Each structure stands twice: as structure tokens, then as C-alpha cells.
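A.B. asks: Make a model of this:
(one chain, ligands or ions: 1)
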Amino acid sequence: MKVAEGIDTVEGLRVGNAYLVRGAEGLLLVDSGTPGSAKPILASIERIGAKPSDLRHIVLTHWHPDHMGSAAELRRLTGAEVAAPGPSGRRPDRTSASPPSTAPRPPRSSPARPGVPPSAP
Ligand SMILES: [Zn+2]
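C.D. replies: Residues are numbered from 1 along each chain as shown. A predicted model of the protein is given here:
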């Protein structure tokens, strides 16, 4: 389905979404579905009037099986280059939502408590 000029959703995925973006040098695929999704993705490429060899780049938004599951297969079938985030591109989980360790913190011995202004003399 066309979502914007030059951007189509991949149809027939069992889980999640993937997008085909048309550019000057060919197609870019955003996410690759679950393992076994190469077939519907290639069918979507043909539906928009392109060939599998037009797929030049695959960009994975994050390392979940419903996003990267068919990247290797598509790379093998089309020769597209795969780009994916490194470890720092991982989505933070809830427990790591604290501020970075470099953030200034009051010294442990400080009598001031968070949210309590220091008392005037
Ligand atoms: Zn995910």
C-alpha cells in the first residue's frame, strides 16, 4: 500500500511492518519482517513495478526478529547491503532509563534532599 510518494508498505507480512522507499539509485527496504518474509517482500517489490535486483539497501531499525528476520535471506537473493544499528542503537529497557553516569549528582554526604531547597540562615 502506498503511504506517501515513493513509499509503500510491504504487504503480506504476518508480523510487524516493512517499507519500500524508492530513490534515485533503487529501492531501500526499512525492516525485513520475520524469518520467511522474503517472499512477500519480493512480491511487494514486483507489485510496485520494480525488480528484486532494484533493492539496493536494507535498513534495520532494531534487532528484533520481526524486523531483521529476513535480512540475510534478502541480502542473498538481491545483493542488497544491510545497515543495522550497533549495540548503542538498542532500544533501552525500562531498567536502564536512569540518567547517564556522567550526570552530576549531589555528594552522598549532602544534607540536602531532592526537591527540598536548602534552608535560609
Ligand atoms: Zn521490535
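
A.B. asks: would you list every one of the strands in the protein?
C.D. replies: 2-4, 7-9, 19-23, 26-30, 55-59, 81-83 (DSSP state E).

A.B. asks: Look through the chain and tell me its longest helix.
C.D. replies: For the chain, the longest helix by residue count, based on DSSP state H, is helix 38-47.

A.B. asks: Now that one: average pLDDT?
C.D. replies: For helix 38-47, mean pLDDT is 97.

A.B. asks: Give me the angle between it and strand 55-59.
C.D. replies: Relative orientation of helix 38-47 versus strand 55-59 (axes from the mean of the first three to the mean of the last three C-alpha atoms, to 10 degrees): 130 degrees.

A.B. asks: Show residues contacting helix 38-47.
C.D. replies: 8-13, 18, 20, 27, 29, 32-33, 51-52, 54-55, 70, 73-74, 77-78 (C-beta atoms under 8 Å, 6 or more residues apart in numbering). Any C-beta I mention is one placed from the backbone N, CA and C, and that applies to glycine too.

A.B. asks: can you give me how far it is from the chain middle?
C.D. replies: Computed by C-alpha atoms, centre = their mean, to the nearest Å, the chain-centroid distance of helix 38-47 equals 20 Å.

A.B. asks: Show me which residues of it are buried.
C.D. replies: 38, 40-42, 44-45 (16 or more other C-beta atoms under 10 Å).

A.B. asks: Next, format the strands of the chain as JSON lines and append distance to residue 66.
C.D. replies: Formatted as JSON lines, the strands of the chain follow (distance: least, C-beta to C-beta, whole Å):
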{"stretch": "strand 2-4", "distance to residue 66": "19"}
{"stretch": "strand 7-9", "distance to residue 66": "14"}
{"stretch": "strand 19-23", "distance to residue 66": "14"}
{"stretch": "strand 26-30", "distance to residue 66": "13"}
{"stretch": "strand 55-59", "distance to residue 66": "15"}
{"stretch": "strand 81-83", "distance to residue 66": "16"}
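
A.B. asks: Using a markdown table, lay out these together with mean neighbour count, mean pLDDT and distance to residue 65.
C.D. replies: Shown next, in a markdown table, are the strands of the chain (neighbours: other C-beta atoms under 10 Å; pLDDT from 0 to 100; distance: least, C-beta to C-beta, whole Å):
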| stretch | mean neighbour count | mean pLDDT | distance to residue 65 |
| --- | --- | --- | --- |
| strand 2-4 | 10 | 94 | 24 |
| strand 7-9 | 17 | 98 | 19 |
| strand 19-23 | 16 | 97 | 18 |
| strand 26-30 | 21 | 98 | 16 |
| strand 55-59 | 20 | 97 | 15 |
| strand 81-83 | 13 | 96 | 15 |
